[in-house]
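K.L.:
I would like to see how this sequence folds:
(chains A and B)
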Amino acid sequence: DQQVKQNSPSLSVQEGRISILNCDYTNSMFDYFLWYKKYPAEGPTFLISISSIKDKNEDGRFTVFLNKSAKHLSLHIVPSQPGDSAVYFCAASGYYGGSQGNLIFGKGTKLSVKP
Amino acid sequence: SQTIHQWPATLVQPVGSPLSLECTVEGTSNPNLYWYRQAAGRGLQLLFYSVGIGQISSEVPQNLSASRPQDRQFILSSKKLLLSDSGFYLCAWSWPKDGAFFGQGTRLTVV
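P.N.:
Numbers count the residues shown, from 1 in each chain, chains lettered A, B, ... in the order given. Here you go, the predicted model:
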């Protein structure tokens, strides 16, 4: 049972345009959401996060939007650059039951930004 | 500042051989420690997590095990590797709700 879903395995965008990466979750107890960026043969690096008390968080070219009623979040990259080409993972966490606030990851979306 | 070290970077092991991957964290105390695996088409899968010395929780039953002999050391082991154990293994540490910080990963190929 996938609690965090990234339904698009890949996305191709032209340089300078907007990249939109989507993520859906099923567990309403999640209250903290993160995006990670991963290059091949490297560990993921933290990109941006959002708490469930907010609906938007912005950091430079990266903005994360959260729609709690739809259990959906998205990452916007504007403008997209070739160096943004990587796999992006959505992750969620929350304290519920025996959970230690562990991160639950989606399967990732491979973003390709073409010059 | 905190750093996380994971080794080796790559490993090729025959089926049935043992495994030991080591991860150490510096610059923090009593972190939560995690082992993840990235397998093709399956994203990042949490294997084990530890909230303290000797405390290990398994998320996915398999032929792997984990140990935490010291506060900032986390070890992933197997007595006999299977072909299906191939993948990219990542160690991570965190304070609760601060997200996770990952090591550089180990590419394990079981042949």
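K.L.:
ok, the closest residue to B:Gln73 other than its chain neighbours - contacts?
P.N.:
Leaving aside its chain neighbours, B:Gln73 sits nearest to B:Thr24 (5.2 Å; criterion: CB to CB, 6 or more residues apart in numbering or on different chains). All C-beta atoms are positioned from the backbone trio N, CA, C, and that covers glycine. B:Thr24 sits next to B:Ile4, B:His5, B:Arg72, B:Gln73, B:Phe74 when contact means CB atoms under 8 Å, 6 or more residues apart in numbering or on different chains.
K.L.:
where in the chain is pLDDT low?
P.N.:
Using chain A. Applying pLDDT under 70 to chain A flags the ranges A:1, A:95-101.
K.L.:
Actually, chain B is the one I wanted.
P.N.:
Ranges of chain B meeting pLDDT under 70: B:40-42, B:61, B:95-99.
K.L.:
could you show me where the strands are in it, in order?
P.N.:
Assigned by DSSP state E, the strands in chain B fall at B:3-7, B:10-13, B:19-26, B:32-38, B:44-52, B:55-58, B:65-70, B:73-78, B:87-94, B:101-102, B:106-110.
K.L.:
got the buried residues for the fifth one?
P.N.:
By 16 or more other CB atoms under 10 Å in any protein chain shown, the buried positions in strand B:44-52 come out as B:Leu44, B:Gln45, B:Leu46, B:Leu47, B:Phe48, B:Tyr49, B:Ser50.
K.L.:
count of neighbours near A:His94?
P.N.:
Careful, residue A:94 is Gly and not His. Look at A:Gly94: counted by other CB atoms under 10 Å in any protein chain shown, it has 19 neighbours.
K.L.:
Compute the distance between it and B:Gly27, please.
P.N.:
27 Å (CB to CB, to the nearest Å).
K.L.:
Assess the claim that A:Ile18 and A:Gln81 are in contact.
P.N.:
No: using CB atoms under 8 Å, A:Ile18 is not in contact with A:Gln81; the gap is 11.8 Å.
K.L.:
Up against chain B, what does chain A have?
P.N.:
Within chain A, the positions adjacent to chain B are A:6, A:32, A:34, A:36, A:41-46, A:49, A:89, A:91, A:93, A:95, A:100-108 by CB under 8 Å from any CB of the partner chain.
K.L.:
Please pick the buried ones from those residues.
P.N.:
Neighbour counting by 16+ other CB under 10 Å classes A:6, A:32, A:34, A:36, A:43-44, A:49, A:89, A:91, A:93, A:101-108 among these as buried.
K.L.:
Would you mind naming the residues that bridge with B:Phe74?
P.N.:
With DSSP bridges applied, B:Phe74 shows beta-bridge pairing to B:Cys23.
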